[in-house]
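got a predicted structure plus its sequence, pasted below:
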Amino acid sequence: MRPLRCLAVLLVLVLLPAAAWTLAPPRFPGPQPRARQGTNGVGAYEYETRYFRQRLDHFSFPGVGDEDEPAAFFQQRYLVGRGGGWAGPGGPIFFYCGNEGDITWFAANSGLVWEAAPRFAALVVFAEHRYYGESMPFGSKAKAYNNSKSLAYLTAEQAIADFAVLLTDLKRNLSAEGSPVVLFGGSYGGMLAAWMRLKYPHVAVGALASSAPILQFEDIVPSTIFYDLVSDDFKRESLSCFHTIKDSWKVLDEQGNGQDGLMKLSKTFHLCQTLKTSGDLSDWLSSAYSYLAMVDYPIPSEFLMPLPANPIKEVCRNIDSQPEGTSILERIYAGVNVYYNYTGTVGCFDLNDDPHGMGGWDWQVFKPQFQSV
């Protein structure tokens, strides 16, 4: 009982700050011929890769013959931890709710799940979110992202239904119907974990939702709180740096609207293609500042990009230390170069580069998100 009490305390401690920010189940692919499996791992985190025949639409009645239509299903990738530490049927299952990206990326950067599992003799499972990584409906990313009709199934509701179906079938095939499931997730994945616990309480006993902005939907916290916190991070390092960034937005817009302004901006920021609008550059810079605040760790990291310890301090040092006469936008370039090119190996920047396969997020943020259960 002691490990379960410890787990309950862990859930409470993590869930308290989580609000600070912005069906016929298919068969589980165990020994079935359609199952594809492989072994992989990142560092000490070893897992087996599996694929699950998942239903495309959980909320409509299938028509006659639809069960035999390939388009009615897709292969959902999930990772199962190796190492033999699971207690077996009846032992807990730690289930990571995949968010907007390749699931192997999250598996490599979710140390808490892996490190807590041996303490509780838990089985670790990472499930990939539909439309990301290898979990593509319609057979390919090109077809899945083809138009609004093909993207209609990219919703939070469908995603947590995927997880519920996968978990139910997984437990049945492991003879682990009595195993308690704890959901894990961060940011959007944390939102999914919390919503899944509410929507499918019979599937999981708890959810550890880290930095999951679920309370923003009800205006319980200010809508600007995330960017206020990002600003505070830069202010703490250097007020001069903060004001340089703040003043740069007006300068960027003015130059972008001037003669040959977009070409000049493209050269200043070493872009691979000439800008079409200054707004594209603004979004690129804003993303860097937001991500820097998320990963402002006191140690070097490579979660989003290869970064030094205390990366915001390094960014502000680069901005503040430029020689007199350096333009404000040249200072900004020197700063964001820490985020986008800390290794010094990038010759030019492609604003459309998507190294982690997060392109579907643009579609999701412009659709109404799951607000009620």
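Arrived safely, thanks for sending.

secondary structure element for residue 52?
Assigned by DSSP states H and E, residue 52 belongs to strand 45-55.

pLDDT of that strand, averaged?
Across strand 45-55, the average pLDDT comes to 95.

any buried residues in it, and which?
Using 16 or more other C-beta atoms under 10 Å as the test for burial, strand 45-55 gives 45, 47, 49-55. (C-beta placed from N, C-alpha, C; glycine too.)

same check, this time on stretch 134-142
Quick answer for stretch 134-142 (16+ other C-beta under 10 Å): 134-138, 141.

now those residues as CSV including distance to residue 298?
Below are the buried residues of stretch 134-142 laid out as CSV (distance: C-beta to C-beta, whole Å):
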residue, distance to residue 298
134, 34
135, 34
136, 38
137, 41
138, 44
141, 37
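
quick check: the farthest pair among those residues?
Across the buried residues of stretch 134-142, the longest distance by C-beta to C-beta is 13.2 Å; it joins 134 and 138.

looking at the buried residues of strand 45-55, which is nearest residue 311?
Closest to residue 311 out of the buried residues of strand 45-55 is residue 45 (23.8 Å), distances taken as C-beta to C-beta.

so the closest one makes contact with residue 112?
No: in this structure residue 45 lies outside contact range of residue 112 using C-beta atoms under 8 Å: 11.5 Å.

if I look at residue 228, how far off is residue 293?
In this structure, residue 228 and residue 293 are 11 Å apart, going by C-beta to C-beta, to the nearest Å.

show me which of the two is the more surrounded one.
When neighbours are counted by other C-beta atoms under 10 Å, residue 293 comes out ahead of the other of residue 228 and residue 293, with 18 against 9.

mind telling me what element the more buried one is part of?
Per DSSP H and E, residue 293 falls inside helix 278-294.

who touches that helix?
Residues outside helix 278-294 that contact it (C-beta atoms under 8 Å, 6 or more residues apart in numbering) are 226-227, 229-230, 233-234, 245, 248-249, 252-253, 255-257, 261-262, 265, 269, 271, 275, 304-305, 307, 311-312, 315, 332, 336, 339-340, 349, 351.

pull out the buried members of those.
For the contacts of helix 278-294, a burial check counting by 16+ other C-beta under 10 Å picks out 226, 230, 233-234, 245, 248, 252, 255-256, 261-262, 265, 269, 271, 275, 304-305, 307, 311-312, 315, 332, 336, 339-340, 349, 351.

inside helices: which ones of these?
Within the buried ones among the contacts of helix 278-294, residues falling in helices by DSSP state H are 226, 230, 233-234, 245, 248, 252, 255-256, 261-262, 265, 311-312, 315, 332, 336, 339-340.
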